[in-house]
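A.B. asks: 3D model of this:
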Amino acid sequence: MSSQGDTEQFTGLILLSGVDKPGITQALFETLSPFSITILDIEQVVIKDRLILTTLIGLNPAHEESIAEDLQTCAATLDVDIATLFSYSDPSLIANKDSLMHVVILSKKIGPTAVAQISCGITETGANIERAARIASTPVTAFEFLVSGVSQQVLSQALSPIAASNNVDIAVQPGGLARHSRKLVQLDVDSTLIQQEVIDLLAAKAGVAQEVSQITALAMAGEIDFAQSLKARVALLKGLPESVITEVQNEIVLTLGARTLITTLHKLGHTVAVVSGGFIDVIAPLLHDLEIKHFKANKLGIESGVLTGEVVGPIIDRASKADALREFAQMESISMSQTVAIGDGANDLDMIAAAGLGIAFNAKPAVKAAADSTLSEPYLDSVLYLLGITTEDIEQSKN
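C.D. replies: Numbers count the residues shown, from 1 in each chain. Predicted coordinates for the structure are as follows:
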């Protein structure tokens, strides 16, 4: 007679594949139910109309032949393929694994070379891919790998150059409960939350678009001090009638996916904040519409219905943006490790560095190099995929 130890250590791996249809899972486990079996693991996925169902069972080795025969009868009845592998296994090999890392790969188009090289990079760190699944298919494709046996820093360093050479975006984050904790997501405004640079829209009204654009480009690239550049640009707006603010408000266009990102985060219980080197005079109605309660931005000087060419109060520069992230996190009782900062320019570097996850969104090279993750496609809701929120989660949140 087999011992209890044999029953615990003797396992059967069952792999079922075929055209998906209702009742397959039920039929498989009804076939197994007459036997004294322990279900150790189950994994099921449907890709297009094809089903792959795997299960690991613990069984009495004396039942191996009977189980295999019944499974082949089941396969014939269901018109599917069932393969089995029975062996003695160390129970510790199927125990839950600690310190799992989530690797999200995202792009408009992902080719096999990118997946092969990323898989190779994971292997070369000594890590192992435990699971892989698609979490988004439109307007971008995103896959998530669950990886064991490696630290976040080592894995990030190994995969970042591979991602860059294959034109895909990658985010590496620890697993566990922290991944699902309540978060503070803080966004830059110009060229991040919205598609335009507000200062450039104002400059066009003043007929100084070229001069302001040149200063803006230098500031965003980090080649000149932001506060100095802002004062120089605003000075060129002196004399503009206050009415142009309303005109500019009507010209602002949200970045693709921005509303979906914010609405989904709110419905899932997260907090969204906005910080801007632009002007609260212009973006206030937008923030109200998006129900953003935490925000900071600069204020234009206005006297007698015209712009004075000055900024009123402290300037929101890169240090101020990081300070705002810490302030809002404290107000919401959210740890800094659960903060996310998203921006595109040098003015966003400090908050990206301070956040638990810093994301460079269609950013300048210096910002991409400093960020934990990059997003190169123009869809702001792709941030949700980096946080492990799937297309299905997003659709359900709309209901």
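
A.B. asks: quick one: secondary structure of V282?
C.D. replies: helix (DSSP: H, G, I helix; E, B strand; the rest coil).

A.B. asks: please read the previous query as pertaining to E291.
C.D. replies: With three-state DSSP as the basis, E291 sits in coil.

A.B. asks: wouldn't it be in contact with K267 here?
C.D. replies: No - taking contacts as CB atoms under 8 Å, E291 lies outside contact range of K267: 11.0 Å. Using the backbone N, CA and C atoms, a C-beta is placed for each residue, glycine as well.

A.B. asks: okay, those two: which has more neighbours?
C.D. replies: Per other CB atoms under 10 Å, whichever of E291 and K267 has more neighbours is K267, with 14 against 10.

A.B. asks: quick one, what contacts that one?
C.D. replies: K267 makes contacts with S397, as judged by CB atoms under 8 Å, 6 or more residues apart in numbering.

A.B. asks: again with E64
C.D. replies: When contacts are counted by CB under 8 Å, 6+ apart, E64 touches F10, G12, F86.

A.B. asks: also V150?
C.D. replies: Contact criterion CB under 8 Å, 6+ apart gives M101, I122, T125, G126, A127 as the residues in contact with V150.

A.B. asks: hmm, which of those are the buried ones?
C.D. replies: With neighbours counted by 16 or more other CB atoms under 10 Å, the contacts of V150 contain buried members at M101, I122, T125, A127.

A.B. asks: now do the helix or strand that contains T55: distance to the chain's middle.
C.D. replies: The secondary structure element spanning T55 is strand 50-59 (assigned by DSSP states H and E). When distances are taken as CA atoms, centre = their mean, to the nearest Å, strand 50-59 is centred 30 Å away from the chain's centroid.

A.B. asks: what are the buried residues along the helix or strand following it?
C.D. replies: Tracing the chain C-terminally past strand 50-59 and defining elements by DSSP H and E, one meets helix 64-78 next. Applying a neighbour-count criterion of 16+ other CB under 10 Å, the buried positions in helix 64-78 are I67, L71, C74, A75, L78.

A.B. asks: name the SS class of the residue lying closest to the third one once chain neighbours are set aside, please.
C.D. replies: Nearest residue to C74, sequence neighbours excluded (CB to CB, 6 or more residues apart in numbering): T31, at 4.3 Å. Put simply, T31 is helix when judged by three-state DSSP.

A.B. asks: dump the residue contacts of T31.
C.D. replies: D70, L71, T73, C74.

A.B. asks: redo those as CSV? Include pLDDT and distance to T216.
C.D. replies: Conversion of the contacts of T31 to CSV gives the following (pLDDT from 0 to 100; distance: CB to CB, whole Å):
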residue, pLDDT, distance to T216
D70, 97, 72
L71, 97, 67
T73, 97, 72
C74, 97, 67
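
A.B. asks: of those, closest to D20?
C.D. replies: C74 (15.7 Å; CB to CB).

A.B. asks: domains of the protein?
C.D. replies: Each structural domain of the chain that the record assigns through automatic domain parsing is listed here as a residue range: 4-94, 101-175, 184-397.

A.B. asks: deepest of those, which one?
C.D. replies: domain 184-397 (a mean of 19; mean count of other CB atoms under 10 Å).

A.B. asks: just for the protein, where's the confidence low?
C.D. replies: Within the chain, the stretches with pLDDT under 70 are 1-8, 90-98.

A.B. asks: go again using 50 as the cut-off
C.D. replies: Flagging of the chain using pLDDT under 50 yields the residue ranges 1-5.

A.B. asks: now the terminal residues of stretch 146-153, how far apart.
C.D. replies: As for stretch 146-153, its first-to-last residue distance stands at 15 Å under the measure CA to CA, to the nearest Å.

A.B. asks: who's in contact with stretch 306-319?
C.D. replies: Outside stretch 306-319, the residues within contact range by CB under 8 Å, 6+ apart are 226-227, 230-231, 234-242, 275-277, 296-302, 320, 324, 346-351.

A.B. asks: just the endpoints, please. Distance across it?
C.D. replies: End-to-end distance (CA to CA), stretch 306-319: 30 Å.

A.B. asks: where's that stretch relative to the chain centroid, distance-wise?
C.D. replies: Distance of stretch 306-319 from the chain centroid (CA atoms, centre = their mean) equals 33 Å.

A.B. asks: can you pull out the helices in the stretch 201-350 of the chain?
C.D. replies: Using DSSP state H, counting those that start in this stretch, the helices of the stretch 201-350 of the chain run over 209-220, 226-235, 244-251, 258-267, 280-289, 318-331, 349-354.

A.B. asks: just put those in CSV and tack on distance to L16.
C.D. replies: As requested, these are exported to CSV (distance: least, CB to CB, whole Å):
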stretch, distance to L16
helix 209-220, 54
helix 226-235, 59
helix 244-251, 57
helix 258-267, 35
helix 280-289, 50
helix 318-331, 47
helix 349-354, 46
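
A.B. asks: V383 is nearest to which of those helices?
C.D. replies: Proximity of those to V383 was assessed by CB to CB; the nearest stretch is helix 258-267, lying at 5.7 Å.

A.B. asks: cool, thanks, talk later.
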